[in-house]
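A.B. asks: sequence first, predicted coordinates after that:
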Amino acid sequence: MNELPIVKEYENRIVEILSCDDITECFDEMLQIGARIISGALSPEGKRELAERIRKSVYFLPNEETPDMLRHVAYLHLMVRLTDSKDFYTEFLTYIDGMRIDERYRFFLVMQARYLSYQKPYIITLESDRLFHKIYKRSKKYYQGRLGEVGGFIKLAQRRADQTIILTQQYLTDTHKETHLTNLIAQEIMVSMCQNTFIINTNDLLPVSNVVPLFGIEGHNSMQYLANANNVFVRGLSVPYFQCDDRMPSEDEMHIILSTIKDVRPEYIISCGDHSITASMAAGIVPVIPGYQIAPVDDPQVIRENLLDYRRMIEEKRFWQVRFKVQEAKH
């Protein structure tokens, strides 16, 4: 099948959008174009042909103002999606790092970059990985500044040995893998460790509250009926539960979570999901253990053994990650 006519049609409209004065006016159309292209409107060869045609037709000048920067970052994001190119992915992150933009919007963009790397792990290089974590740490510093002083680290003797907290970035049904593992961890904490736990859904896996116009934006699902829930049931066990609203990352919501941690004084926190700004800041209050280290596989016995090992390390003060910058290691 000859795709050239449809490739040319997409090329013409995309180039028009990337050349317009205000790209924000094209927001809805950009989402539609991105969804159609990625969902199969073009073959891999067609997407590469489209990318090459766009590359030859679009130019960006130095000393860009905000409208130019929005067009430029949308172009780079689209090129990564079309080409799966390591070079374009690195250029995309380099551009995000250097943009003169509100830090909330920068965080939105770096989370979109994270999603691309999840879907296409082969585009990651040492340089792009370094850039990602540089931007993430910058975002963390921004939110720390917005929150102000959240209190110092709580020593082991002042923490409650019978209490833990689980932070998760998304909580759906038990058929969802990450939710299933969160539930398994909660079950083992309560049954095998004889500790209480509290699941907090930070609801910020792919935040969309500070959007920048792109040809395709990824958000994440949440269960609206859980928005006002005080408990969830895990294998017949009632577990206290709190879910942040869909404005995350919100300073108000993060302040509530961190204040709760200080009040509850858990022995430790388990963070399910990586690059969680809230979990990174919580690590300055009590030890935070990455969830993937507790539940690398769907196996209650492995989870139980890992919980015992980490709890022993904490109680013997051998837990070197006392101020662990949670999930800032490579994904």
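C.D. replies: Arrived safely, thanks for sending.
A.B. asks: sec struct for the closest residue to H72 other than its chain neighbours, please.
C.D. replies: Leaving out its chain neighbours, the residue that sits closest to H72 by CB to CB, 6 or more residues apart in numbering is F60, at 4.9 Å. Placement of C-beta: from N, CA and C, glycine included. The assignment at F60 comes out as coil when based on DSSP: H, G, I helix; E, B strand; the rest coil.
A.B. asks: tell me who's in contact with F60.
C.D. replies: D68, R71, H72, Y75 (CB atoms under 8 Å, 6 or more residues apart in numbering).
A.B. asks: from those residues, which is closest to E315?
C.D. replies: H72 (51.9 Å; CB to CB).
A.B. asks: is it fair to say that closest one lies in a strand?
C.D. replies: No: counting by three-state DSSP, H72 is not part of a strand but helix.
A.B. asks: check contacts around it.
C.D. replies: Contacts of H72 (CB under 8 Å, 6+ apart): F60, E64, Y95.
A.B. asks: from E178, how far out is the residue positioned nearest the centre of the chain?
C.D. replies: With the centre of the chain defined as its mean C-alpha position, the nearest residue by CA atoms, centre = their mean is L205, 4.1 Å away. From L205 across to E178, the span is 9 Å (CB to CB, to the nearest Å).
A.B. asks: please enumerate the shared neighbours of those two.
C.D. replies: By CB under 8 Å, 6+ apart, the residues touching both L205 and E178 are Q170, G273.
A.B. asks: strands along the stretch 101-250 of the chain, start to end?
C.D. replies: For the stretch 101-250 of the chain, applying DSSP state E, counting those that start in this stretch gives strands covering 160-168, 199-201, 231-234, 237-243.
A.B. asks: so for Q187, which of the ones you listed sits nearest?
C.D. replies: strand 231-234 (5.5 Å).
A.B. asks: ok, back up a step: residue contacts, the residue nearest to the centre of the chain?
C.D. replies: Taking CB under 8 Å, 6+ apart, we find L205 in contact with Q169, Q170, H220, G273.
A.B. asks: surely the last one touches T168?
C.D. replies: It refers to G273. Yes: at 5.9 Å, G273 and T168 qualify as touching, with contact defined as CB atoms under 8 Å.
A.B. asks: the two: which has the busier surroundings?
C.D. replies: T168 (27 against 22; other CB atoms under 10 Å).
A.B. asks: for the more buried one, give its distance to D246.
C.D. replies: T168 is 15 Å from D246, by CB to CB.
A.B. asks: next one: D263
C.D. replies: On the measure of CB to CB, D263 and D246 end up 25 Å apart.
A.B. asks: so between those two, which is more surrounded?
C.D. replies: Legend: neighbour count by other CB under 10 Å for D263 and D246, higher for D246 (16 against 7).
A.B. asks: residues in contact with the residue nearest to K317 when sequence neighbours are not counted?
C.D. replies: Once flanking residues are discounted, K317 sits nearest to L156: 6.8 Å by CB to CB, 6+ apart. Applying CB under 8 Å, 6+ apart, one finds that L156 lies in contact with E267, I314, E315, K317.
A.B. asks: sort those by pLDDT and name the bottom one.
C.D. replies: Within the set of the contacts of L156, pLDDT is lowest for K317 (76).
A.B. asks: now do the SS call for that residue.
C.D. replies: coil.
A.B. asks: could you report the neighbour count for it?
C.D. replies: Neighbours of K317 (other CB under 10 Å): 10.
A.B. asks: check T175 too.
C.D. replies: 7.
A.B. asks: again with N2
C.D. replies: 7.
A.B. asks: what does M223 give?
C.D. replies: As a measure of burial, M223 has 17 neighbours, counting by other CB under 10 Å.
A.B. asks: from R247, how far out is it?
C.D. replies: In terms of CB to CB, M223 sits 17 Å off from R247.
A.B. asks: overlap in contacts of G273 and T168?
C.D. replies: E178, G291.
A.B. asks: need the residues that contact stretch 308-316.
C.D. replies: Contacts for stretch 308-316 (CB under 8 Å, 6+ apart): L156, M193, E267, Y268, P287, I289, Q293, I294, R318, F319.
A.B. asks: quickly find the element holding the third one.
C.D. replies: Secondary-structure element containing E267, defined by DSSP states H and E: strand 266-272.
A.B. asks: same for the helix or strand just after that strand, what does it pack against?
C.D. replies: Next along the chain after strand 266-272, taking DSSP H and E as the criterion, comes helix 277-282. Contact here means 3 or more CB pairs under 8 Å, 6 or more residues apart in numbering; DSSP states H and E; on that basis helix 277-282 packs against helix 126-147, strand 160-168, helix 251-264, strand 266-272.
A.B. asks: buried ones in the longest one?
C.D. replies: I take that to be helix 126-147. Residues of helix 126-147 classed as buried by neighbour count (16 or more other CB atoms under 10 Å): S128, L131, F132, H133, I135, Y136, S139, K140, Y142, Y143, Q144.
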